[in-house]
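Asker: A structural model of the following input is requested.
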Amino acid sequence: MNFELKEQEVQYTFVSEKYKNNKKTRIMKNVAKGATAQNLANVGKALSSLQDDTLGAAVLIQKQNIVLD
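Answerer: Residues are numbered from 1 along each chain as shown. So this is what the prediction gives:
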C-alpha cells in the first residue's frame with residue numbers, strides 16, 4: 001500500500017500584541033504540490049510584512065489517500 005497526495009494547506013501563525021492572546025492563525029488552502037519550504041516561508045514573511053506583525057510559525061498540512069492494492 002502507498003500514499004497518494006490529495007491536497008495540502010499551510011497554516012501560518014502570526015504574532016503581535018494587537019491579536020487576542022498575541023497570536024493569529026491563517027490557513028491557506030490549495031498549496032501547489034511542488035511548493036518548497038522556502039517558498040512557503042517567503043509567502044508567510046510577505047504576509048507578515050503586509051500585516052505589520054511577526055511570522056511565528058508555519059505548518060504544512062497534507063491530506064493523503066491510501067492507495068489500496
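Asker: CA only for contacts and neighbour counts going forward, please
Answerer: Noted.
Asker: which parts of the chain are helices?
Answerer: All helices of the chain, identified by DSSP state H, fall at 37-51.
Asker: spatially central residue for it, please.
Answerer: Nearest residue to the geometric centre of the chain (CA atoms, centre = their mean): residue 10, 1.8 Å.
Asker: what's the closest non-adjacent residue to that one?
Answerer: Of all residues not flanking residue 10 in the chain, residue 60 sits nearest, at 4.5 Å (CA to CA, 6 or more residues apart in numbering).
Asker: quick check: the one you found vs residue 20, distance?
Answerer: Taking CA to CA, to the nearest Å as the measure, residue 60 and residue 20 are separated by 23 Å.
Asker: for the nearest residue to residue 41 once chain neighbours are set aside, what are its contacts?
Answerer: Nearest residue to residue 41, sequence neighbours excluded (CA to CA, 6+ apart): residue 58, at 7.1 Å. Contact analysis of residue 58 by CA atoms under 8 Å, 6 or more residues apart in numbering lists 10, 11, 12, 13, 40, 41, 44.
Asker: does the fourth one touch residue 53 like I think?
Answerer: No - look at residue 13 against residue 53 with CA atoms under 8 Å: they stay out of range, at 10.2 Å.
Asker: can you get me a residue count around residue 47?
Answerer: Residue 47 has 16 neighbours, counted by other CA atoms under 10 Å.
Asker: ugh, typo on my part, it should be residue 13
Answerer: With other CA under 10 Å as criterion, residue 13 counts 18.
Asker: partner residues bridging it?
Answerer: Applying DSSP bridges to residue 13 gives these bridge partners: residue 25, residue 57.
Asker: find me the pLDDT at the residue nearest to residue 10, would you?
Answerer: With respect to pLDDT, residue 60 scores 98.
Asker: give the contact list for it.
Answerer: Applying CA under 8 Å, 6+ apart, the residues near residue 60 are 8, 9, 10, 11.
Asker: repeat that for residue 53.
Answerer: Shown in contact with residue 53 (CA under 8 Å, 6+ apart): 14, 15, 16.
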